[in-house]
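J.: Turn this into a model:
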Amino acid sequence: MSTNAPNLAPSGEESTSNFPFVGWLRDVAPYIHSFREKTFVIAFAGELVKEIGLENIIEDIAMLHAMGMRIVLVHGIRPQIEEQLKLRKIKSKFGTSALNTYRITDAAALECVKEAAGELRLDIEAAFSRGLPNTPMAGSRISVISGNFITAMPVGVVDGVDYIHTGLVRKVDSTSITLSLDSNKIVLLSPLGFSPTGQAFNLAYEDVAASTAAALKADKLIFLSPYSGLRDADGELITELSLPQLQDYMSAHKELEIGLRGLLNISGRAVRSGVSRVHFLPCNQDGALLEELFTHDGIGMMLASSDIENLREANQDDVGGILQLTMPLEEEGILAARGQDVIERDIQRFSVIEHDRVLFGCAALFPFPNGVGELACLAVDPDVQGSGDGERLLKRIEMRAKQENIKKLFVLTTRTEHWFLKRGFKRATVDDLPEERKQIYNWDRKSMVLTKDL
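T.: All right, here's what the predicted structure looks like:
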C-alpha cells in the first residue's frame, strides 16, 4: 500500500458530521426507491401563485420528475379569474348547492376563465423550460403536454340557478395521459373541459384532479390548497384518516366551510375509486410538497384507503397471532422473550395490524413516570415487510403516547437501530432510561437505547 494514501474517514456518524446533507440524502433514498415509476397527481390552488409564486413549486416538481415519478399537474385559477373579472368590471356571481359553491359562468365570465387559464398555463410551461446554470432547473430538459384530455358536462340548473358554462368532469382520456407519461412527459391540466359539441366549461380544479387520479388509479393525489386541515378535539392537526373516520368527522363537524367539505367529499370519492393515498398540504408554505413526501412525519394530512381500518388496539383474541409474530424474532434474539402469560397480561398495551382477519404486525406501549413511554415488541410479518406496516404501527404508538400525555418514547433494540434512527429517534444510553426500566435492563442482551421526543 502506498504510504501517500489519504486518511480514510471513520465509519459511522462521525464520517458525515461535517456534511449533514449526506445523511439526509441517505435518509430519503428509501422514499426515492419507493416512489420511482409511481403516478402522482399534484393539484395546487391558484392561491399558491399569489402566496409563494411558481418558481419553487415547479423546481420541486421537476426534481420529482427527475427521480422517475410520473407527474400529472393540475392548477387552479380562482384568484386569477377574479383579477380578470375586475379588469373588465364584471361582478362575480356564485351559487351554493348542498355539496359545494360554484361560480356562475356566463359568456363574459367564461372569457375571463379562458384568459386566466391560458395565462397561467403558459407561465407554468415557461417555468418548466428554464435551465439556467447554477439553478435547480439546470439540465432539466422537461417536456410538458397539455390538451383536451377532459370531457365535461354542464352543472345545469340546480335549485333554480342556471350555472351556464360551469361544468363537471364527465370523462378523462386516461389512455392519452398514460401514453404521455410513458413518454416521460409531465401532463399539465387546466380546470377547463370540453363537451362533444365543442363547448368549453369552467371546472373546479379539485374535480379535475380527483377524476384524473381515479381514472389513472394514481398512487398519490396531492392537494396544495388554502385550507389549514382538520383538527381533533384537542386542537391538534389530524395527520391520518381512513374513509370511515373522515365520514364520522364530517358528520360531527357540520360547521366545516363548504369549500373544505367539497374538497373532502371529492377526495373520498377518489379513494373509493382506487387512489391509494390523498394528501392535503398548505399552499402557502414553501417546500411543503418535498417535506410531505420525504420525511417520516410529513407536514399535512393523509386520507388513506381501507388498510388503516385494519390498524386497531389488540384484544385477548389476538394473543395467538401476536405470539406467531414475535416468537421467531425472539428465537433470533431480535426481540426480548415474552411468554403467553405476559402478553395476555399486557394485551391492552398492544396495537395490531390485520388483513383479512390475519395479524401482520404488532407493537406495544408501556408508560413510565414523568411522561416517558417504552415502544416495545414492534414486529411485522416478513411477507409484508417494506409495505409500510411498521411505520403505521409506529405512528399509532406515537398517537397513543400523546393521548396518554407521554412526551418521550424510548426503544431497546439489538438489530434495527438504523430503522429507528431514520424515523426520528436518537442514540441514548442506559442511564437515560427511567429508573424502573433501568433496574430490569438485560445486560446480557446489551440492547441499544434510542429515544424520541414527541
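J.: And the strands in the stretch 101-250 of the chain?
T.: Along the stretch 101-250 of the chain, the stretches classed as strands by DSSP state E, counting those that start in this stretch are 101-103, 144-145, 150-154, 157-158, 161-162, 167-172, 186-189, 192-194, 200-202, 220-225, 240-242.
J.: Now tabulate the ones you listed in JSON lines and tack on distance to residue 293.
T.: Placement of C-beta: from N, CA and C, glycine included. Formatted as JSON lines, those follow (distance: least, C-beta to C-beta, whole Å):
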{"stretch": "strand 101-103", "distance to residue 293": "30"}
{"stretch": "strand 144-145", "distance to residue 293": "21"}
{"stretch": "strand 150-154", "distance to residue 293": "26"}
{"stretch": "strand 157-158", "distance to residue 293": "38"}
{"stretch": "strand 161-162", "distance to residue 293": "40"}
{"stretch": "strand 167-172", "distance to residue 293": "24"}
{"stretch": "strand 186-189", "distance to residue 293": "16"}
{"stretch": "strand 192-194", "distance to residue 293": "28"}
{"stretch": "strand 200-202", "distance to residue 293": "31"}
{"stretch": "strand 220-225", "distance to residue 293": "8"}
{"stretch": "strand 240-242", "distance to residue 293": "15"}
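J.: now those as TSV including distance to residue 415 and mean pLDDT?
T.: Formatted as TSV, the strands of the stretch 101-250 of the chain follow (distance: least, C-beta to C-beta, whole Å; pLDDT from 0 to 100):
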stretch	distance to residue 415	mean pLDDT
strand 101-103	54	86
strand 144-145	46	96
strand 150-154	51	96
strand 157-158	60	88
strand 161-162	64	90
strand 167-172	47	96
strand 186-189	42	98
strand 192-194	54	96
strand 200-202	57	97
strand 220-225	31	97
strand 240-242	28	85
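J.: can I get these in TSV with distance to residue 411 and mean neighbour count?
T.: As requested, the strands of the stretch 101-250 of the chain are exported to TSV (distance: least, C-beta to C-beta, whole Å; neighbours: other C-beta atoms under 10 Å):
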stretch	distance to residue 411	mean neighbour count
strand 101-103	48	19
strand 144-145	46	18
strand 150-154	49	20
strand 157-158	55	13
strand 161-162	58	15
strand 167-172	45	20
strand 186-189	41	24
strand 192-194	51	22
strand 200-202	53	24
strand 220-225	29	25
strand 240-242	21	19
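J.: Sketch out the low-pLDDT regions of the protein for me.
T.: Filtered on pLDDT under 70, the chain yields the residue ranges 1-19, 97-99, 132, 134, 306-309, 355-357, 387.
J.: one more time with 50, if that's ok
T.: 1-16, 309 (pLDDT under 50).
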